[in-house]
Structures are given as structure tokens and as C-alpha cells.
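Novice: Need coordinates for the below:
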Amino acid sequence: MIGRRRRISGVHVVAEVPSFESVAERHLDDVHAYLVYLTRDREVAEELTADTFEKALRRWRQFDPRRGSARTWLCQVARTVALDHFRAEQRRRRRESAYALDRDDHAEDGVFGGLSPELERALAGLSAGEREVIALRVLLDLEIEASARVLGISRTACTTRLSRALKKLEERMSADVAA
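Specialist: Next up is the predicted model:
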């Protein structure tokens with residue numbers, strides 16, 4: 001742990017900050033899993049995970065444990081890296097519009113890891129935002145406040161988004177079983 005001094009209302013406050021190495025080691029798998037859910041592509045997720053930890057290392061001095069956990073902070077960094085990646089991909093696709101690639105919106109087999117094919121199809125049928133809130137709340141088991149912070153939305157909006165996403169997932173699973 002490293003103590004960082006901060007001046008708040010004329011008083012110096014020391015916040016205990018863990019070492020970046022310990023935080024990175026502890027949360028690497030969680031960040032990677034989150035990025036797999038966002039991208040639905042393990043190779044891209046691996047690249048984005050590396051980019052996330054590189055960016056996090058450069059910005060480690062900005063981490064304030066009083067504002068949230070290191071895990072939540074890393075998920076915020078990962079989300080920013082993923083959004084930057086998606087924007088860059090969108091620009092690249094526009095430049096190649098004469099030769100547009102039709103990408104299958106369905107997830108590759110096994111991309112979510114260990115789930116039934118029915119659940120994989122149902123997850124792939126959800127929007128990116130719906131998969132993201134499910135990944136944060138269910139896969140990573142983040143608290144509602146932390147998930148809302150990562151998504152940049154209110155606690156109520158996060159709860160509503162999760163509820164709707166889970167309902168859609170349940171409907172898709174029921175339809176798949178009935179078929």
C-alpha cells in the first residue's frame with residue numbers, strides 16, 4: 001500500500017492506495033472477461049485488455065480509492081478503451097465503405113465461455129448495452145452503484161437496464177426452448 005496525500009478543506013488526508021502490480025494481478029481476469037462480453041471477440045478482448053492496463057498504469061496516480069474500488073476504476077478504463085476501439089473500427093469501416101464487410105452479428109461458438117449454445121444465442125441477440133450491464137452485474141458481480149458508475153448512468157437507469165435485459169434474455173431463452 002502506498003499513502004497519497006491530498007489536501008481537502010485545508011486538511012491533509014492520506015488515502016491508502018494499493019500498488020498497481022497487485023491491483024493488475026488481482027483484476028486482470030475480470031477486466032478481460034468484461035471486454036470479451038463487450039466485444040464478443042476473444043482476440044480483440046486480449047488486445048484491449050493490454051491497452052487497458054497500459055492506460056491504467058499511465059494514469060495510476062489519478063486513482064482515488066475513496067471514489068470507488070480499483071476494480072470499478074479499471075472497468076471504467078476498460079470501457080473507455082473499448083469505446084475508443086469501436087469508434088476507430090467505425091471510422092475504418094466508413095473508409096472501406098466501397099468494400100463493406102457484412103459481419104455476422106451472432107457470437108462465435110464458445111465466445112462467452114462455458115455457456116449452453118441456447119444461452120450464447122440469446123446473449124448474442126441482446127444489444128451491446130444490454131450485454132454490458134449483464135456482464136457488469138452478473139459476470140463481474142459489481143454492485144449497482146459501481147456498475148452505474150462504469151456505464152456513466154444513474155443507479156436507477158442501471159437497475160432498469162438490467163431488469164429489461166434479463167427479461168429479454170429470459171424471453172429469448174423461452175422462445176429457443178419452445179422452438
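
Novice: now the lengthiest helix in the chain, how far from the centre of its chain.
Specialist: Ordering each helix of the chain by length in residues (DSSP state H) puts helix 70-95 first. Here the centre of helix 70-95 is set off from its chain's centre by 10 Å, with C-alpha atoms, centre = their mean, to the nearest Å.

Novice: other SSEs contacting that helix?
Specialist: helix 20-39, helix 42-58, helix 144-151 (3 or more C-beta pairs under 8 Å, 6 or more residues apart in numbering; DSSP states H and E). To be clear about C-beta, it is placed using only N, CA and C from the backbone, and glycine gets the same treatment.

Novice: Need those helices in a markdown table (columns: mean neighbour count).
Specialist: Below are these laid out as a markdown table (neighbours: other C-beta atoms under 10 Å):
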| stretch | mean neighbour count |
| --- | --- |
| helix 20-39 | 18 |
| helix 42-58 | 17 |
| helix 144-151 | 20 |
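
Novice: before we move on, back to that, only the buried residues of the longest helix of the chain, if you could.
Specialist: Across helix 70-95, burial judged by 16 or more other C-beta atoms under 10 Å covers 70-79, 81-82, 85.

Novice: Show the pLDDT at the residue most central in space within the chain.
Specialist: Closest residue to the average C-alpha location of the chain: Tyr34 at 4.2 Å, with C-alpha atoms, centre = their mean. pLDDT recorded at Tyr34 is 94.

Novice: Next: Val17.
Specialist: 79.

Novice: Arg103 too?
Specialist: Looking at Arg103, its pLDDT stands at 40.

Novice: Would you mind measuring from Ser147 to Ala122?
Specialist: 21 Å (C-beta to C-beta, to the nearest Å).

Novice: With Val133 instead?
Specialist: According to C-beta to C-beta, Val133 stands 15 Å off from Ala122.

Novice: higher neighbour count, these two?
Specialist: Neighbour count, other C-beta atoms under 10 Å: between Val133 and Ala122, Val133 has more, with 28 against 20.
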